[in-house]
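In: Have a look at this prediction, sequence included:
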Amino acid sequence: MKAYVRSVTALLAVLLLTALPATARGADVQSLLRQADRIEWSQMTNPAVVKKHLDLYLQATKADPNNLHAHLRACEMAYYAWRLETDSKARLAVAKVALAMAKKATQLDPKSAAAWYWLGSHYAVIGLTQGVLNSLQLIPEGKKSYDQSIALDPSYRKGTAIANLARVYMVVPGFPMSIGDVDKATQMLNDGYRANPDSTYFPLYLADLAWSQGYEDAALKYLQDVLDKPDGKNDYTILVNQVNRRKARDMMALIKSGAKRDRFNDVLSD
């Protein structure tokens, strides 16, 4: 893992601070994308596999700065890299690069629900990496981005923008410090889960919400809902359901052990 951290950090420093080498600058973007798009999603919990695809998509954004697909995929791969990373400096570097990619994507297509989703998501992961109380200034832009994604397509990625925005309301402090509102979070999560019953994010977040309120039995029921979901049939659900089931098992073990939930419990990081 340490070698992975060094390699990712070095790559991101090059991409942020310098131009790519001549061979990469002259690369055929379609060739890069063909390589990058050949993904075995069942292998995407392997840091080396994630790094490989992130590298290719970032190179593609350099080869063609106006390629929306390359920018969106770079955002997605960076999110998976962030989830797998344990070093805080490397995590923050990945998230900041992805935030820049997402901002560019919203400029390339302001009507892309995906672009706004990833912009909101990377504001959120920067906040989680820095600490919620150290990142309250990011919340307005993150909320705006999620709101825009939801307005364009509330079903995108099985309603995950709704789930993530509800999560923001759940975790951040309330007025006057920020927008925290547990009642609103609860309503959004319940409504979203009814509209997206195949999602593993809604029951995972509902479990964490129930645990935070001392309703361990309800939390365990939601976690069992996560575990009962099938593997999924597309690239998104194959990976996400696998990871979220692991998170559900970890949370279930903690609850059964009698552990107390941390105020800022992070159910996204691995």
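Out: The structure has been received and is ready for your questions.
In: Which residue lies nearest the spatial centre of the protein?
Out: In the chain, the residue lying closest to the centroid (C-alpha atoms, centre = their mean) is residue 79, at 4.9 Å.
In: Mind telling me what element it is part of?
Out: According to DSSP states H and E, residue 79 maps onto helix 68-84.
In: My guess is residue 75 contacts residue 104. True?
Out: No: the criterion here is C-beta atoms under 8 Å, and residue 75 misses it with residue 104 at 9.5 Å. Any C-beta I mention is one placed from the backbone N, CA and C, and that applies to glycine too.
In: the more surrounded of the two?
Out: Neighbours were counted for residue 75 and for residue 104 using other C-beta atoms under 10 Å; residue 75 has more, 28 against 21.
In: low pLDDT regions in this protein?
Out: Applying pLDDT under 70 to the chain flags the ranges 1-27, 270.
In: Tell me where the longest helix sits in it.
Out: Using DSSP state H, we find that the single longest helix of the chain is helix 235-257.
In: quick one: that helix to helix 68-84, angle?
Out: Interaxial angle of helix 235-257 relative to helix 68-84 (axes from the mean of the first three to the mean of the last three C-alpha atoms, to 10 degrees): 20 degrees.
In: Check which residues of helix 235-257 are buried.
Out: Buried positions in helix 235-257, judged by neighbour count with 16 or more other C-beta atoms under 10 Å: 237-245, 247-248, 251-252, 254-255.
In: still on that earlier bit, how far does the helix holding residue 79 sit from the chain's center?
Out: Here the centre of helix 68-84 is set off from its chain's centre by 9 Å, with C-alpha atoms, centre = their mean, to the nearest Å.
In: who touches the helix or strand hosting residue 30?
Out: Following DSSP H and E, one finds residue 30 within helix 29-37. Outside helix 29-37, the residues that touch it by C-beta atoms under 8 Å, 6 or more residues apart in numbering are 53, 56, 57, 59, 60, 63, 64, 67, 69, 70, 73.
In: Report the two of those separated the most.
Out: 53 and 64 (16.8 Å; C-beta to C-beta).
In: higher neighbour count, these two?
Out: Neighbour count, other C-beta under 10 Å: between residue 53 and residue 64, residue 53 has more, with 22 against 18.
In: Identify each buried residue in the helix or strand where that one lies, please.
Out: In this assignment (DSSP H and E), residue 53 forms part of helix 47-63. Buried residues in helix 47-63, counted by 16+ other C-beta under 10 Å: 47, 49-51, 53-63.
In: now for these, which pair is the farthest apart?
Out: Greatest spacing in those, by C-beta to C-beta: 47 and 63 (24.4 Å).
In: related to what we said a few turns ago, put together JSON lines for the contacts of helix 29-37, with distance to residue 90 on each row.
Out: Below are the contacts of helix 29-37 laid out as JSON lines (distance: C-beta to C-beta, whole Å):
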{"residue": "53", "distance to residue 90": "17"}
{"residue": "56", "distance to residue 90": "19"}
{"residue": "57", "distance to residue 90": "18"}
{"residue": "59", "distance to residue 90": "19"}
{"residue": "60", "distance to residue 90": "22"}
{"residue": "63", "distance to residue 90": "24"}
{"residue": "64", "distance to residue 90": "26"}
{"residue": "67", "distance to residue 90": "26"}
{"residue": "69", "distance to residue 90": "26"}
{"residue": "70", "distance to residue 90": "22"}
{"residue": "73", "distance to residue 90": "20"}
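In: Nearest to residue 179 among these?
Out: residue 73 (30.5 Å).
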